[in-house]
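# based on what follows, work out the 3D shape:
(one chain, ligands or ions: 1)
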Amino acid sequence: MKKWAALFLVLCLTAGACALAEGGAKRSFSFSSSEKKEAESLTSYLSDFSGGTDGWYPRSAGSASLQVTQDGLTIVGRESTWNSPGRDFPLEAGKKYTLSVDVLQDAVDQAKFMISVAHSKNGTESYENLANGTAKKGEWTTLSCTWTPGVFDNYVLYVETSGNGTIDFTIRNFSVELNELRYDASLPSLKEVYAKYFPVGAAVTQGEALDQKRMDIYAAQFAIFTPGNELKPDSVLDIAASRKLAQDDPTAVAVHFDAAKPMLDYCKEKGLAVHGHVLVWHSQTPDVFFREGYNATGKFVSREVMLGRLDNYVRLIMAYMQENYPGLIVSWDVVNEAIDDSTGNLRQSNWTKVVGDDFVERAFEIARKYAPEGTKLYYNDYNTPMAPKTDGICALLERLVAEGNIDGYGFQSHFAVGNPGLSKIRQAMERIEAMGLRLRVSELDITIKANDEPNLRSQAIRYENLFSLYLEHAASLDAVQLWGVSDDLSWLAPQYPLLFDARMQPKPAFWSVVELAK
Ligand code: XIL
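Here you go, the predicted model:
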């Protein structure tokens, strides 16, 4: 039963991690040093079955059998729902693992699948269902979950159907990842290697901010942080309290900062800068903010009342920050994503409906009124280099420049590897610079289709090309900020867009960005 472990122990004995190529396809396995000794617990496992059954066997009391096919590992001849492809895994109790598998069935309109585990203790077997999913006929479907094993003598992970009897099905890309940070403190630091060009920063969410160990790693790498969600209107507005206040004054607003506090406190304590995101946005903003009495059934308030609410909202935020975190927030996204992608005109939203087409200008006027002196104010948007959006963004920026309340443009930069082209990005940057505006790359991430070597390499090249463009324009860049740090916690996690993997190991892109600065 432990034959596979012995095989990989031999293969991996001298290296902490090894990639083994079989039949042209790559599968990677990595072991920590203690695991080298006993191969007892696993940190990372992935199989696409291109090299065979890889230790998987049919769990069956009868005729079920496994076949390695072009698609993956297929089970046929099942006689009951628990008949399944299964494999022994050396897991450690109390550790957190991420499990994932793709399933395919061609037998019925839809079938429910589960990743389950059979474990035994002193000879008594017990079971848990860990991940669920429904696979439509002919469509690959991913099941995934995180799971922390209890104390058992052994663990068999398997993929079974739930209530769909005995259909044949196929699995591929079965993966098990230990969710443990394995950060190497001797890594070069992004913020240090780029210190003479621009601050490098990242977005963090509340969950990350509450994890001190993780934040200490982030702080070693980044100089400025943005709350990923926690200063958006849906986090900041206290609707119940606003509703009460509105009985006396329809423009009254109540706010709170419960979600943002952990990251603000951390940054204050460590002397790190914060960029605020975002005061005005059509998204993540409660509809009742725009309605009479803050009631879902209320009519939209008048333009005057809404501008009054916005004035109060921004005033209260700035006052709270000034009182509790003076000097911490160096800049704000005042308005986010006001331009429509397909027309380049203003996006229709509650803001245009209730305030009107000058809501962006009014928001900047209010933000300037209350922001502490020296706070930089940005308009922030995505798809900047895409026609007709570039024209629309620039037209809006021109109006804002004319009113004198804007400092710069936040170039979100959610990109794919091949799109948009570098020259288009350069042109858009130059056009905005020519208006006399500062730039900040505010939400950089680069998606890839798979977490494999060729994609990671293309991603590294793309990051390198972008950072060399940023170096060319360093004089007009206030910051280059990534939209997250580790792939697993990204809003685009399935597309592995960031510089660190789930265990905080640097990816090829990290190295290409670091090497470029050196
Ligand atoms: C994203 C967050 O990362 C997600 O957690 C949330 O569910 C949706 O918003 N442009 C922006 C950011 O300005 O606020 C968005 O953040 C990503 C796109």
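# show me what from the stretch 201-350 of the chain comes close to the ligand.
228-229, 336 (Cβ under 6 Å from any ligand atom). C-betas here are computed from N, CA, C, even on glycine.
# now do the buried residues in the helix or strand where Leu130 lies.
Element membership for Leu130, per DSSP states H and E: strand 124-136. For strand 124-136, the neighbour count (16 or more other Cβ atoms under 10 Å) marks 130-131, 133, 135 as buried.
# hmm, who's touching the host helix or strand of Leu456?
For Leu456, the host element (DSSP H and E) is helix 453-472. Residues outside helix 453-472 that contact it (Cβ atoms under 8 Å, 6 or more residues apart in numbering): 19, 26, 197-198, 413, 415, 417-418, 422, 425-426, 429, 441, 444, 446, 448-449, 477, 480, 496, 499, 507-509, 511-513, 515-517.
# again, only this time at 6 Å
197, 417, 422, 426, 446, 448-449, 477, 480, 507-509, 512-513, 516 (Cβ atoms under 6 Å, 6 or more residues apart in numbering).
# again, but for stretch 186-206
With Cβ under 6 Å, 6+ apart as the criterion, stretch 186-206 contacts 220-226, 228-230, 259, 262-263, 471, 474, 477, 479-485, 514, 517.
# can you lay out the residues of the stretch 201-350 of the chain next to the ligand as a markdown table showing neighbour count?
Converted to a markdown table, those look like this (neighbours: other Cβ atoms under 10 Å):
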| residue | neighbour count |
| --- | --- |
| Gly228 | 23 |
| Asn229 | 17 |
| Asn336 | 24 |
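# so can I have TSV of those residues showing pLDDT?
Converted to TSV, those look like this (pLDDT from 0 to 100):
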residue	pLDDT
Gly228	97
Asn229	97
Asn336	98
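# return the subset of these lying in strands.
Asn336 (DSSP state E).
# quick one: neighbours of Asp71, just the number.
14 (other Cβ atoms under 10 Å).
# pLDDT at it, what is it?
In this prediction, Asp71 carries a pLDDT score of 93.
# wait, it touches Ile171, no?
No. Here Asp71 lies out of contact with Ile171, judged by Cβ atoms under 6 Å, at a distance of 9.1 Å.
# check the gap between whatever residue of the stretch 401-518 of the chain ends up closest to the ligand and Thr205 for me.
Closest residue of the stretch 401-518 of the chain to the ligand, Cβ to the nearest ligand atom: Trp491 (3.5 Å). From Trp491 across to Thr205, the span is 9 Å (Cβ to Cβ, to the nearest Å).
# need the residues touching each of these two.
Contacts common to Trp491 and Thr205, judged by Cβ under 6 Å, 6+ apart, are absent.
# up against the ligand, what does the stretch 351-500 of the chain have?
Residues of the stretch 351-500 of the chain lying near the ligand (Cβ under 6 Å from any ligand atom): 382, 412, 443, 491.
# in strands, which of those appear?
Glu443.
# can you pick the most crowded of the residues of the stretch 351-500 of the chain next to the ligand?
Glu443 (25 neighbours).
# that one is in contact with Trp483, isn't it?
Yes. Contact status for Glu443 versus Trp483: in contact at 4.0 Å, counting by Cβ under 6 Å.
# contact partners of stretch 411-425?
With Cβ under 6 Å, 6+ apart as the criterion, stretch 411-425 contacts 382, 384-385, 441-448, 458-459, 462, 465.
# how far out from the middle of the chain is it?
Relative to the mean C-alpha coordinate of its chain, stretch 411-425 is positioned 18 Å out (Cα atoms, centre = their mean, to the nearest Å).
# mind listing what Met318 touches?
370-371.
# at 8 Å instead, please
370-372.
# one more: Asn451?
Contacts of Asn451 by Cβ under 8 Å, 6+ apart are 487, 496, 501.
# Three-state assignment for it, please.
Three-state assignment for Asn451 (DSSP: H, G, I helix; E, B strand; the rest coil): coil.
# roughly how far apart are it and Trp56?
21 Å.
# hmm, back to that, now, of the contacts of Met318, which are buried?
370-371.
# quick one: which of the contacts of Met318 is nearest Leu104?
Ala371 (54.2 Å; Cβ to Cβ).
# dump the residue contacts of the residue in the stretch 151-300 of the chain positioned nearest to the ligand.
Ranking the residues of the stretch 151-300 of the chain by distance to the ligand (Cβ to the nearest ligand atom) places Gly228 first, at 4.6 Å. Counting by Cβ under 8 Å, 6+ apart, Gly228 touches 203-205, 277, 483-484, 491.
# surely Asp184 is in a helix?
No. Applying three-state DSSP, one finds Asp184 to be coil, outside a helix.
# just give me the neighbour total for it.
Asp184 has 9 nearby residues by other Cβ under 10 Å.
# same check, this time on Arg315
So Arg315, with other Cβ under 10 Å, has 16 neighbours.
# wait, a helix at it?
Yes. Using three-state DSSP, the assignment for Arg315 is a helix.
# residue contacts, it?
Going by Cβ under 8 Å, 6+ apart, Arg315 touches 366, 369-370.
# what number of residues lie near the closest residue to Thr447 other than its chain neighbours?
Here the nearest residue to Thr447 in space, its sequence neighbours aside, is Gln495; by Cβ to Cβ, 6 or more residues apart in numbering that works out to 3.6 Å. A count of nearby residues for Gln495, using other Cβ under 10 Å, gives 19.
# tell me which stretches of the stretch 251-400 of the chain form helices.
Here the stretch 251-400 of the chain has its helices, by DSSP state H, counting those that start in this stretch, at 261-270, 303-324, 350-354, 359-370, 389-403.
# what sits up against the last one?
When contacts are taken as Cβ under 8 Å, 6+ apart, the neighbours of helix 389-403 outside the stretch itself are 338-341, 343-346, 360-361, 364-365, 379, 381, 383-384, 406, 409, 428, 431-432, 435-437.
# can you tell me which of those residues end up in strands?
Members of the contacts of helix 389-403 lying in strands (criterion: DSSP E): 379, 381, 409.
# the second one and Thr205, how far apart?
When you say that, I think you mean Asp381. Asp381 is 21 Å from Thr205, by Cβ to Cβ.
# those two: who's more crowded?
Asp381 (26 against 17).
# ok, the residue lying farthest from the centre of the chain - contacts?
Most distant from the centre of the chain: Gly62, at 44.5 Å, with distances by Cα atoms, centre = their mean. Gly62 is in contact with 77, 79, 83, counting by Cβ under 8 Å, 6+ apart.
# just want the phi and psi numbers for it.
The phi and psi values for Gly62, taken as degrees, to the nearest 10, are phi -130, psi -120.
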